[in-house]
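In: Got a sequence here, can you build the structure:
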Amino acid sequence: MSDPNLLDISTGLKPLSRLQHPRDVIRQFTPNWFTVVMGTGVVALALDRLPATHALLASVSFGLWLAAGAIFLACCLLYAARWIFFFEGASRIFGHSTVSMFFGAIPMALATLLNGLLIFGPTHLGLAPAALVLPLWWLDVALAMICAVAIPYLMFTRQEHRIDQMTAVWLLPVVAAEVVAVTGGLLAPALSEPGQQLAVIVTSFVLWGVSVPLALSILAILVLRMALHNLPPREMAASSWLSLGPLGTGALGLLVLGQAGGNVLAGQGFPGAPETLRLVGLIGALILWGYGAWWFLLSLAVTTRYLRSGVPFNLGWWGYIFPLGVYCLATLRIGDVTGIVGFSWLGAALVAMLSLIWLVVAVRTVWGAYKGELFVAPCLAG
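Out: Here you go, the predicted model:
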């Protein structure tokens with residue numbers, strides 16, 4: 001007779017053992033998975049920004065970016081298949097108050113990959129990637145604007161929300177626009193035609209304006225929610241870190257657009273633009289960075305409190321990574337612009353922390369995906 005315990009163990013080691021059928025990988029696939037691309041991609045970009053270890057980690061950061069690209073393609077195929085083969089179930093996402101927010105992860109994931117293509121393309125792929133990135137960036141602009149408008153519209157007209165149930169997940173569809181704006185700031189200097197440069201820069205500033213003020217208003221509501229109703233449930237523990245996202249990205253956007261936009265506008269008849277935009281960008285970035293420092297320390301305290309009672313693993317853990325990653329990039333960029341060594345050292349320490357968290361979350365994600373327990377679509381419940 002076979003030992004039931006050994007049978008349970010062997011069954012648990014089988015691929016997708018937690019799913020009733022392998023097709024549930026497609027039926028239960030949600031946009032949450034695009035946060036894996038965001039997190040892996042931002043770690044690649046952060047490691048590439050460390051000057052002291054750049055030569056040593058160049059192949060690592062490039063490999064992580066390639067991995068993020070492969071995951072993005074897999075996510076696109078799986079999510080497209082869900083809409084083709086399980087349309088009715090897939091369409092329920094529009095009425096779900098949490099999962100629908102993760103539509104914003106799609107343009108953010110694409111923007112992260114485009115950033116990597118602009119950075120790694122010339123050195124590792126022998127490409128001048130601007131011509132390839134430009135049409136994809138305009139596509140990303142459209143996706144980000146759709147998320148920024150359509151998801152709040154669904155919140156106002158079709159979904160049910162209460163202040164006591166609010167989390168920082170509300171930020172996801174809004175922050176996408178400023179992430180795409182940063183990509184525009186990296187893309188513009190790589191373009192050769194002045195008209196294209198101007199269009200990209202102006203659009204990027206507009207995207208920043210679409211995102212950051214609205215994100216700041218959501219953060220104000222979030223502070224009120226936590227003061228009145230305490231912390232979200234432990235299943236949403238990682239959501240506290242999402243608040244770093246718009247602040248880190250907003251600061252990084254001001255620095256990148258301040259440098260790139262000033263040079264572009266100078267060529268359009270605004271000779272004082274470079275110094276003005278760099279100064280305004282730096283001051284604005286420092287203000288947003290300071291606000292982000294408050295959220296960073298608060299998130300550390302909140303996470304410590306959650307860990308004492310145990311936090312179940314889910315895809316939400318990727319919420320620890322991308323927001324911290326963009327805050328790392330903003331910190332390192334401030335160090336470069338100001339020449340203050342403290343920012344550079346702090347940025348390096350944050351990148352080390354980011355890499356450790358990514359390693360833990362990535363290993364647990366691979367194991368959870370292998371077993372199939374991470375393929376869960378809450379919008380199908382009931």
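In: In this structure, where is pLDDT below threshold?
Out: 1-12, 52-54, 382 (pLDDT under 70).
In: same thing but 80
Out: Along the chain, the parts satisfying pLDDT under 80 run over 1-13, 51-56, 126-127, 381-382.
In: Which residue ranges of it form helices?
Out: Taking DSSP state H to define them, one finds helices in the chain at 4-12, 24-27, 34-48, 54-85, 87-91, 105-120, 130-157, 172-187, 194-229, 244-266, 273-309, 321-338, 341-371.
In: highest average neighbour count across those?
Out: helix 172-187 (a mean of 29; mean count of other C-beta atoms under 10 Å). Yep, even glycine has a C-beta here, placed from its N, CA and C like the rest.
In: same for it, what does it pack against?
Out: With contacts taken as 3 or more C-beta pairs under 8 Å, 6 or more residues apart in numbering; DSSP states H and E, helix 172-187 sits against helix 105-120, helix 130-157, helix 194-229, helix 244-266.
In: In a markdown table: those, plus distance to Leu13.
Out: Formatted as a markdown table, the helices and strands packed on helix 172-187 follow (distance: least, C-beta to C-beta, whole Å):
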| stretch | distance to Leu13 |
| --- | --- |
| helix 105-120 | 30 |
| helix 130-157 | 39 |
| helix 194-229 | 41 |
| helix 244-266 | 36 |
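In: Of those helices, which is nearest Lys14?
Out: Each of those has some distance to Lys14 by C-beta to C-beta; the shortest is helix 105-120, at 29.5 Å.
In: and the angle for that closest one with helix 244-266?
Out: Put simply, helix 105-120 runs at 50 degrees to helix 244-266, going by axes from the mean of the first three to the mean of the last three C-alpha atoms, to 10 degrees.
In: wait, what's in contact with the nearest residue to Ala109 once chain neighbours are set aside?
Out: Once flanking residues are discounted, Ala109 sits nearest to Val37: 3.8 Å by C-beta to C-beta, 6 or more residues apart in numbering. Going by C-beta atoms under 8 Å, 6 or more residues apart in numbering, Val37 touches 68, 71-72, 75, 105, 109, 112-113.
In: repeat that with 6 Å
Out: 68, 71-72, 109 (C-beta atoms under 6 Å, 6 or more residues apart in numbering).
In: tell me the phi and psi of His161?
Out: The phi/psi pair for His161 (degrees, to the nearest 10) reads phi -130, psi 150.
In: That one: how many residues sit nearby?
Out: 12 (other C-beta atoms under 10 Å).
In: can you check Phe270 too?
Out: With other C-beta under 10 Å as criterion, Phe270 counts 14.
In: same check, this time on Val169
Out: Every residue meeting other C-beta under 10 Å relative to Val169 is counted, giving 21.
In: Return the distance of the residue nearest to it when sequence neighbours are not counted relative to Leu187.
Out: Distances taken as C-beta to C-beta, 6+ apart place Met101 nearest to Val169, at 4.7 Å, with adjacent residues excluded. Met101 is 27 Å from Leu187, where distance means C-beta to C-beta, to the nearest Å.
In: show me what contacts the residue nearest to Val169?
Out: Taking C-beta under 6 Å, 6+ apart as the test, what Met101 contacts is 169, 172-173.
In: 8 Å - rerun?
Out: 151, 169-170, 172-173.
In: how much space is there between it and Met236?
Out: Taking C-beta to C-beta as the measure, Met101 falls 12 Å from Met236.
In: Quickly list what's touching both of those two.
Out: Val169.
In: Among the helices of the chain, single out whichever gets nearest to Ala381.
Out: helix 87-91 (11.0 Å).
In: quick check, distance from that closest one to the centre of its chain.
Out: 25 Å (C-alpha atoms, centre = their mean, to the nearest Å).
In: so what secondary structure elements neighbour it?
Out: helix 54-85.
In: at 10 Å what do you get?
Out: helix 24-27, helix 54-85 (3 or more C-beta pairs under 10 Å, 6 or more residues apart in numbering; DSSP states H and E).
In: mind putting those helices in a markdown table, distance to Ile334 included?
Out: Below are the helices and strands packed on helix 87-91 laid out as a markdown table (distance: least, C-beta to C-beta, whole Å):
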| stretch | distance to Ile334 |
| --- | --- |
| helix 24-27 | 42 |
| helix 54-85 | 18 |
